[in-house]
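Asker: Sequence and predicted structure below; questions after.
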Amino acid sequence: MKTTKAPKTNITRLILFTIALTYNLLLGLYLKDFLVLSPILQVFYLLSVLPTLFLMVKINSKTMRAVVYILLILIACMNIAYAIYCRRVFPFLALIPLAIVFMYFIAFADNMGKDKPLTKIYVLILSILIIVLLFSAYIFVYRQVDVSLTNGQATLWDTNTVELADEICSDYDTDEEKAKAIYEWMIHNFEYDYDCEPLIQYFNVRKTLSTRKGICYDFSHLFAALCRSQNIHCYVIDGDKRDNTRYHHTWNRVYFDGSWWSMDVTFDIVQTKNQGELYGIRAIDDAFVECEEYLITKIY
């Protein structure tokens, strides 16, 4: 039994490592256009890749295995928190490699003994890198003072989005002209999706641009993505109607010409189609001023 168990365990470890690594490579290829522009996404992608490297060495001792378990649990918690707080689907995809590593250590790696010095050094270095990434993820998600230019929280865009924004704004120089050009382009090229009833609402820039349909959450984040890609400060505002809290809405506040302005792209998309009166661009005192019609619940 003792002579055959170790080789079988090594083969299992190699197979699971190959599966997890292949999955991470495919995920990286899918996200490559986002990763080059989003430091936040880079951090969370590395938090998916690095735990897989624990499968490269044979970890025998209870202490080392406990370290691995703690780090995997911390990564999983951070991914879930990021997914819920920023309405991102990617962190759930990144949990799959974590599950593979968990499965190996719980179901297969049950032999105990002393770890080799090189194994200890390897695990220590890898653990430090993961801890640094976890701290960076915490800073990116929860401690950024100004998210009005952030790519990777609730608003996420890729290289194709930047190229589109560059094209829309090619004939304009000032932030005001660019923001208004993006606004005009959106209200004339999109339509409200009355059939959309998402179980989980999150912003998918590729889907919104390809279908040219969406709801307020999609349009406000797309407007923010296009503006931010042009280095124009823009916030996305979530709110509940004061006289009917079951009615939720999302709109924008954008900065140009030394002032903050309120825009409701969704309302104006609908009004443009119905040839009604537009909300337009309205001056406000600052980005976080209260709204008369809506109680603000979140600012992205």
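Answerer: In hand now; what should we look at?

Asker: In the longest strand along the chain, which residues are buried?
Answerer: Determined from DSSP state E, the single longest strand within the chain is strand 244-256. By neighbour count with 16 or more other Cβ atoms under 10 Å, strand 244-256 contains the buried residues 248, 249, 250, 251, 252, 253, 254, 255, 256. C-beta: built from backbone N, CA, C; applies to glycine.

Asker: Just put those in TSV and tack on pLDDT.
Answerer: Converted to TSV, those look like this (pLDDT from 0 to 100):
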residue	pLDDT
248	89
249	91
250	94
251	94
252	96
253	96
254	97
255	96
256	94
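
Asker: if we take these, which one ends up nearest to residue 241?
Answerer: The shortest approach to residue 241 among the buried residues of strand 244-256 belongs to residue 249, at 6.9 Å (Cβ to Cβ).

Asker: what's the longest strand of the chain packed up against?
Answerer: Where contact means 3 or more Cβ pairs under 8 Å, 6 or more residues apart in numbering; DSSP states H and E, strand 244-256 is packed against helix 175-189, helix 216-229, strand 234-241, strand 259-263, helix 265-274, strand 294-299.

Asker: What strands flank that strand, and is each parallel or antiparallel?
Answerer: Strand pairing for strand 244-256, using DSSP bridges, gives strand 234-241 (antiparallel), strand 259-263 (antiparallel).

Asker: The first one: which residues count as buried?
Answerer: Right, the one you point to is strand 234-241. 234, 235, 236, 237, 238, 239.

Asker: And the helix or strand harbouring residue 127, how far out from the chain middle?
Answerer: Residue 127 is part of helix 117-142 when elements are defined by DSSP states H and E. Between the centre of helix 117-142 and the centre of its chain there are 20 Å (Cα atoms, centre = their mean, to the nearest Å).

Asker: What average pLDDT does that helix get?
Answerer: Mean pLDDT, helix 117-142: 94.
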